[in-house]
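Asks: Structure here, sequence nowhere to be found:
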Ligand SMILES: Cc1cc2nc3c(=O)[nH]c(=O)nc-3n(C[C@H](O)[C@H](O)[C@H](O)COP(=O)(O)O)c2cc1C
């Protein structure tokens, strides 16, 4: 049995933020940028579709709306300070690649950069932005995916709110019908 207490509704997100925390890279008008993101979800297997919520207040929102493409990069705990930094500054005033020591790499199908220090990079195109003003929601299709050749489970970050993160790493295998 787990003893429980009532939780304010405003804190629900702290229980089910899916993770991993990702870095959403864009390039618009000759400016590259990267934003920290944890509100995203898989929508379909193949082609892979991802829904992601990007606040209209963020510089990234305008870039996504205009260029309709991005890269989602998956960071690990080794670059946690940069991940938090990219979530607390805006590309309007800061070149975050330079400020946080991230190395941009050319993507193959989109203009937005990949990130050399990340475990994985997903080159994406916006396929549906109809709900962007209502829910800040963009639906992305992954066009090309890159993953580290390392076999070690990535120590990804999972946001618990207020600057706290769980760090993944340990894996277990159980019988399952899921893919
Ligand atoms: C751990 C973490 C998770 C975040 N998740 C999101 C998110 O899912 N959607 C969003 O719009 N902003 C999110 N943010 C906030 C943006 O990263 C932040 O507003 C950033 O400064 C926007 O950068 P930009 O103006 O360069 O686009 C998150 C920040 C942190 C630290």
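Replies: Nice, I can see it. Please read all numbers here as calculations on a predicted model, not as lab measurements.
Asks: ok, and for the longest helix seen in the chain, which residues are buried?
Replies: Selection of the longest helix in the chain by residue count, based on DSSP state H, yields helix 59-67. Burial within helix 59-67, assessed by neighbour count using 16 or more other Cβ atoms under 10 Å, is assigned to 59, 60, 61, 62, 63, 64, 65, 67. C-betas here are computed from N, CA, C, even on glycine.
Asks: contacting residues for the last one?
Replies: Pointing back at residue 67 there. 26, 27, 28, 111, 112 (Cβ atoms under 8 Å, 6 or more residues apart in numbering).
Asks: what about the first one, how many neighbours?
Replies: Think residue 26. The tally of other residues near residue 26 (other Cβ atoms under 10 Å) stands at 26.
Asks: Beta-bridge partners for it, please?
Replies: Residue 26 has the following beta-bridge partners by DSSP bridges: residue 33.
Asks: Hmm, residue 73 and it touching each other?
Replies: No - the criterion here is Cβ atoms under 8 Å, and residue 26 misses it with residue 73 at 11.6 Å.
Asks: anything in contact with each of those two?
Replies: In contact with both residue 26 and residue 73: residue 34, using Cβ under 8 Å, 6+ apart.
Asks: Quick check on the closest residue to the ligand within the chain: phi, psi?
Replies: For the chain and the ligand, the shortest gap (Cβ to the nearest ligand atom) falls at residue 87, measuring 2.6 Å. The phi and psi values for residue 87, taken as degrees, to the nearest 10, are phi -100, psi 0.
Asks: which non-adjacent residue is nearest it?
Replies: residue 36 (3.1 Å; Cβ to Cβ, 6 or more residues apart in numbering).
Asks: again with residue 111
Replies: Residue 111 sits nearest to residue 27 (Cβ to Cβ, 6+ apart), 4.5 Å away.
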